[in-house]
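1. Sequence and computational prediction follow.
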Number of protein chains: 2
Amino acid sequence: MSASHPLDLLVQSLSLRVPLSGTARDAILALPFTFRSLESSTYIVREGQPPEQCGVLVSGFAYRQKTTCEGARQIIALHLPGDAVDFQHLFLSISDHSVQMLTAGEVAFVPRSALQALVRSDPEVAKAIYTQIAVEASIFREWVLNVGRRQARERIAHVLCELGSRLDALGLAKRYGYELPLTQEQIGDAVGLTQVHVNRTLKEMTDEGLICRDKRRISFPDWRRMCEIAGFNERYLHMQPQMVG
Amino acid sequence: MSASHPLDLLVQSLSLRVPLSGTARDAILALPFTFRSLESSTYIVREGQPPEQCGVLVSGFAYRQKTTCEGARQIIALHLPGDAVDFQHLFLSISDHSVQMLTAGEVAFVPRSALQALVRSDPEVAKAIYTQIAVEASIFREWVLNVGRRQARERIAHVLCELGSRLDALGLAKRYGYELPLTQEQIGDAVGLTQVHVNRTLKEMTDEGLICRDKRRISFPDWRRMCEIAGFNERYLHMQPQMVG
DNA sequence: CGTAGTGTTGAGTCAAGTCAATGGTTGTGG
DNA sequence: CCACAACCATTGACTTGACTCAACACTACG
């Protein structure tokens, strides 16, 4: 069941949480879009600009990002294939942060007006998209906690768990082992640490057998223990179908 | 034009960003609710429970909160009179965090089903509420940056600026001086520092004339400078009316 | 085979945390 | 109206987790 239509993955990822009827699926697949292949680190959304298109990741990874005026970067969220990268700005007239490609990949750009029209006309799709927005907000909240109140190793373990869980939910990898799309510097930017400290902490974790690394592949011999250390509780990902309204 | 109806403040706060017609206002004011006076630190939303009511702050302040398994608390957001405290869970079947009263105050509890019905039937109100959800998400993102990438004094300055700006926008106080509803411990929990370190940092800031304190009242002799130090850029609050859709 | 991007490691520093004691405020009840 | 309790703020001495700077090694790719 490989995806022939670029927006297929979006439909699949939305229906993880809100079951979609055939009509709703078709309505999404009927959205207009322009398809583009992008280099790693290309901007999909730019802070300060009006968001006119909503990018949908067809392949590759992306990340949300803000920087302080001194230039320190903070990664706010990670995005996986099937994620729509700009639902967050559907109702805002100016982007308050940027989104960039993490790896090379393909993006389907849907005009925001078309998305807004669909949301107005199809309550089922609307519900799916609002749920998605709410889940993303929940992930932001967990990140505030992660970065504000956990130690280095817990923080790092936490992003690694989140990534594993989400990749697994989409069927793109197994939670206990996957190809890590982040450099150590990017991990640092995601958890509010320096690259050097991330390196040292990863080494410790490796030495203790908590994680195994081979090139960019990372795996967790004891997923349970990993979750404990991270304080990782899947609840905030709201993976179960949401029975609401 | 003092608010006789408990939901008046909600209408006012929503219409800061999305202009509301008379019909839309009336629809909101017609929502059913139960009114309650609450002690400080009472729970309005409890993590792990299904969110059946959406509390609207009529008076007093509240905060969103998550804790690590070791018991460290992180405050995720602050809520002011007029804020609906649980739009975030409108589409989620289980709460992923808690909301508590920061001060004593009054809350109007609106049944979630009524809110959902209104959102389905009135596109204007729907837009206002979705915009509100998106703005809150934007605030979460800024907090990730604040806590992840700024120094102690910048972090503290940043929450103080945000609070001032928001109080000012609602007409509840002036940005450059207001009654601070937070203890130093709560400030610490909001910015990911210890109470002791917050105390020392506030002292430094006072000594340098950056802030003035008298009991719980705080003021900023040089708002500009304060914003610079905080790296505070109002954009993320999306205060201007959102011209969208 | 060279170059640019990553990853690794060491030495020294510093921002923030911990522990602990003291002082000030506020509100409450006798 | 005072005394007490609970909560909050202040300060000092000491520790530590994370940062900085800097050098070097590995890998991939043209």
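-> Here it is on my side, so go on.

2. I figured A:Cys161 was touching A:Phe232, is that so?
-> Yes. Between A:Cys161 and A:Phe232 there is a contact at 4.0 Å, judged by C-beta atoms under 8 Å. Just so you know, the C-beta spots here come from the backbone N, C-alpha and C atoms, and that holds for glycine as well.

3. which residues are common contacts for the two?
-> Counting by C-beta atoms under 8 Å, 6 or more residues apart in numbering or on different chains, the common neighbours of A:Cys161 and A:Phe232 are A:Met226.

4. which residues in chain A form strands?
-> A:34-38, A:43-45, A:53-59, A:62-67, A:73-79, A:98-101, A:105-111, A:177-179, A:212-214, A:217-219 (DSSP state E).

5. what pairs with the last one, and is each one parallel or antiparallel?
-> The strands beside strand A:217-219 in its sheet (DSSP bridges) come out as strand A:177-179 (antiparallel), strand A:212-214 (antiparallel).

6. So what's the gap between that strand and the chain middle?
-> Distance of strand A:217-219 from the chain centroid (C-alpha atoms, centre = their mean, to the nearest Å) equals 19 Å.

7. Pull out the buried residues from that strand.
-> Across strand A:217-219, burial judged by 16 or more other C-beta atoms under 10 Å in any protein chain shown covers A:218-219.

8. same deal with the first one?
-> For strand A:34-38, burial by neighbour count (16+ other C-beta under 10 Å) applies to A:Leu38.

9. That one and DNA strand D, are they touching?
-> No. Strand A:34-38 lies out of reach of DNA strand D by C-beta under 7 Å from any atom of the strand, never closer than 15.0 Å.

10. pLDDT on stretch A:163-172, on average?
-> For stretch A:163-172, the mean pLDDT works out to 96.

11. Residues contacting it, please?
-> A:12-13, A:16, A:78, A:80-82, A:173-178, A:180, A:220, A:223, A:232, A:234, A:237, A:239.

12. now those residues: which count as buried?
-> A:12-13, A:16, A:78, A:80-82, A:173, A:175-178, A:180, A:220, A:223, A:232, A:237.

13. Which one, of the strands paired with strand A:217-219, ends up nearest to DNA strand D?
-> strand A:212-214 (9.6 Å; C-beta to the nearest atom of the strand).

14. if you look at the closest one, does any of it touch DNA strand D?
-> No. Taking C-beta under 7 Å from any atom of the strand as the criterion, strand A:212-214 and DNA strand D are apart, separated by no less than 9.6 Å.

15. For that strand, give the mean pLDDT please.
-> Here the average pLDDT along strand A:212-214 is 93.

16. counting contacts, what elements does the longest helix along chain A pack onto?
-> Assignment by DSSP state H gives helix A:123-149 as the longest helix of chain A. Helix A:123-149 makes packing contacts with helix A:8-15, helix A:22-29, strand A:73-79, helix A:112-121, helix A:152-169, strand B:62-67, strand B:73-79, helix B:123-149 when contacts are defined by 3 or more C-beta pairs under 8 Å, 6 or more residues apart in numbering or on different chains; DSSP states H and E.

17. How is chain A divided into domains?
-> A:8-144, A:152-237 (automatic domain parsing).

18. winner for burial among these?
-> domain A:8-144 (a mean of 19; mean count of other C-beta atoms under 10 Å in any protein chain shown).

19. Show the average pLDDT along it.
-> Mean pLDDT, domain A:8-144: 96.

20. measure that domain end to end?
-> Terminal residues of domain A:8-144 lie 32 Å apart, using C-alpha to C-alpha, to the nearest Å.
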